[in-house]
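> Here's my sequence, what's the structure:
(one chain, ligands or ions: 2)
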Amino acid sequence: MIQLASRRAAAHISQQWRCKNHLPHRKTAAAATFSTLKTTTPQACTPSLAPLGKYADPSRYLQPHPNNNITPHIASLVGRDLHLRPSHPIGIIRSKIQEYFASLSTSSTADGTTYKIFDAEDPIVTTQQCFDDLRIPPDHPGRAPSDTYYITDTKLLRTHTSAHQSQHLRSGVDAFLCCGDVYRRDEIDATHYPAFHQMEGVKLMSTEAMIGANGLNEEEWLQSPECQLIEADLKATLEGLMDHLFGPTKKRWNEDFFPFTQPSFELEIYHNDEWMEVLGCGVIHEQVLYLSNRSDRRGWAFGLGLERLAMILFKIPDIRLFWTEDERFHRQFKEGKIVEFQPYSKFPPVFKDIAFWTSDKHTTSDNFVENDFFDIVRSTAGDLVERIELIDSFTHPKTGRSSRCYRISYRSMDRNLTNEEIDELQFKVRDETSTLGCQLR
Ligand code: FA5
Ligand code: MG
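Residues are numbered from 1 along each chain as shown. Ligands and ions are numbered 1, 2, ... in the order given. Below is the predicted model:
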């Protein structure tokens, strides 16, 4: 289903908490994106037939602030609340995870922890919540408008559910699960969508178990039995979750890096002959606890992607399907049941290439932001875009100008596309691309 090589490459791009080969951001590009796109009607944006949640109000997201880079397509996704629909695969997984954590407070091996549930928080958060409280510095690439949907300069659509960690810790909760939709400006293919769902879990250990942790310097803390106890508890809890969801399954731990946990790990599970990352986690960084007024405590946190799990468990081949309103999709799923998805159609794709110089003809200075281009395609063609691939790029030896060629694959999940309608979309994509300061070839 998901090719290892491409998944690896994709993971490299999308993992915003790691340093990555990051494209420079232009403030003006984000502003231009807003001002040019806000009047565009997304052609293929599926209207929602299901009841909408309380955050489904595009005017909350499409605001005339110079830093606003939210497109109508993104605004139309907020408040769909897939995780709260009991018979939607995302809702089914959410319940299964919550069921596992509830069982931990009663099973014979349990330590009696009760996890408080949060699953209806406002997806609009502040830069303080999403980044500063988590030690993500102002110049971190993950904060850049090329990667994040901003409403104003200090308000944004959360890029991860970790944005709620500090507020719950600060309010005195010791263990919780927090589920919601998150938004990232990202590449476009079968496993990446600009909106997806995460489940965050946090547990603080009992004060008695951490007595030896007092007065240690960082090095001593990382070597201490207390730190190792937290790591072991975290890993055992998450391995138990995977077994609860998948039955005994092959898994492996890799070291990872997050500014808000130390040490940090990712968990991969073996599926369809390849390893697939399902979550990031770690021992909560001392300073995050300090910033939440909880420096007397220690604990762990994790964040997992619900679509990744659902694609494996229900054998759903394309991440866009989660957002469809097609009855042929929804009637296959029932509350509490994991069943294999039966594809009801596979219509042929239509491919269109677009090539452009990433600067205008008078300059070689290149401010092209790839995610701005992806958003243009997504805003114009909505869920008809299946994938966008960079198929060629070069720098002209004499002029020094750079050129890129992308292949856009359009495919509907429900019907055959005509060449004429795709040509029309492609013309719009070309027009909009030239507003990014690119010269079409
Ligand atoms: C985070 O978002 C961290 N907040 C996780 C965390 C929480 C770490 C608490 C430590 C403590 P990351 O960007 O790796 O990390 O995303 C976490 C998971 O979300 C991934 O493992 C993956 O399952 C899912 N995910 C990430 N990007 C996408 C995407 N574009 N589409 C679908 N799922 C995604
Ligand atoms: Mg990751």
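> Val283 falls within a helix, correct?
No. Applying DSSP: H, G, I helix; E, B strand; the rest coil, one finds Val283 to be strand, outside a helix.
> right, is stretch 82-101 up against ligand 1?
No. Legend: contact between stretch 82-101 and ligand 1 by Cβ under 6 Å from any ligand atom is lacking; minimum distance shown is 11.2 Å. In short, each C-beta sits where N, CA and C put it, glycine included.
> Equivalent analysis for stretch 239-248, please.
No. Contact of stretch 239-248 with ligand 1 (Cβ under 6 Å from any ligand atom) is absent, the minimum separation being 12.4 Å.
> Report the buried residues of stretch 379-392.
Going by neighbour count (16 or more other Cβ atoms under 10 Å), the buried part of stretch 379-392 is 379-388.
> Quick one: these as JSON lines, columns for pLDDT, secondary structure and distance to ligand 2 too.
Converted to JSON lines, these look like this (pLDDT from 0 to 100; DSSP: H, G, I helix; E, B strand; the rest coil; distance: Cβ to the ion, whole Å):
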{"residue": "Ser379", "pLDDT": "92", "secondary structure": "helix", "distance to ligand 2": "27"}
{"residue": "Thr380", "pLDDT": "95", "secondary structure": "helix", "distance to ligand 2": "29"}
{"residue": "Ala381", "pLDDT": "94", "secondary structure": "helix", "distance to ligand 2": "28"}
{"residue": "Gly382", "pLDDT": "92", "secondary structure": "helix", "distance to ligand 2": "27"}
{"residue": "Asp383", "pLDDT": "91", "secondary structure": "helix", "distance to ligand 2": "25"}
{"residue": "Leu384", "pLDDT": "94", "secondary structure": "helix", "distance to ligand 2": "28"}
{"residue": "Val385", "pLDDT": "94", "secondary structure": "strand", "distance to ligand 2": "24"}
{"residue": "Glu386", "pLDDT": "93", "secondary structure": "strand", "distance to ligand 2": "23"}
{"residue": "Arg387", "pLDDT": "94", "secondary structure": "strand", "distance to ligand 2": "21"}
{"residue": "Ile388", "pLDDT": "96", "secondary structure": "strand", "distance to ligand 2": "21"}
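> Got the phi and psi for Leu390?
Main-chain dihedrals, Leu390, degrees, to the nearest 10: phi -80, psi 110.
> from now on call the first residue 17
Okay, using 17 as the starting number, the last item reads as Leu406.
> Would you confirm that it contacts Cys421?
Yes. Using Cβ atoms under 8 Å, Leu406 is in contact with Cys421, at 7.4 Å.
> which SSE is His81 in?
Assigned by DSSP states H and E, His81 belongs to no helix or strand.
> Contacts only, for it.
166-169 (Cβ atoms under 8 Å, 6 or more residues apart in numbering).
> can you tell me which of the residues you listed are in helices?
Among the contacts of His81, DSSP state H puts none in helices.
> quick one: the strands in the stretch 17-166 of the chain?
With strands called from DSSP state E, counting those that start in this stretch, the stretch 17-166 of the chain shows them at 132-134, 140-142.
> How about the residues of the stretch 67-216 of the chain by ligand 2?
Residues of the stretch 67-216 of the chain lying close to ligand 2 by Cβ under 5 Å from the ion: none are found.
> Poorly predicted segments of the stretch 67-216 of the chain, please.
Where the stretch 67-216 of the chain drops to pLDDT under 70, the residues are 123-126.
> and with 80 instead?
Filtered on pLDDT under 80, the stretch 67-216 of the chain yields the residue ranges 67, 122-127.
> Please report phi then psi for the residue of the stretch 267-416 of the chain found nearest ligand 2.
At 4.4 Å from ligand 2, Gly296 is the closest residue in the stretch 267-416 of the chain, using Cβ to the ion. Per-residue torsions, Gly296: phi -120, psi 150 (degrees, to the nearest 10).
> got a pLDDT number for it?
We have a pLDDT of 98 for Gly296.
> ok, and the closest non-adjacent residue to it?
In space, and not counting its chain neighbours, Gly296 is closest to Glu282: 5.1 Å by Cβ to Cβ, 6 or more residues apart in numbering.
> Secondary structure element holding that neighbour?
In this structure, Glu282 is located in strand 277-287 according to DSSP H and E.
> and Ser162, how far is that from Ser119?
As judged by Cβ to Cβ, to the nearest Å, Ser162 and Ser119 stand 42 Å apart.
> neighbour-wise, which of those two wins?
Per other Cβ atoms under 10 Å, whichever of Ser162 and Ser119 has more neighbours is Ser162, with 20 against 12.
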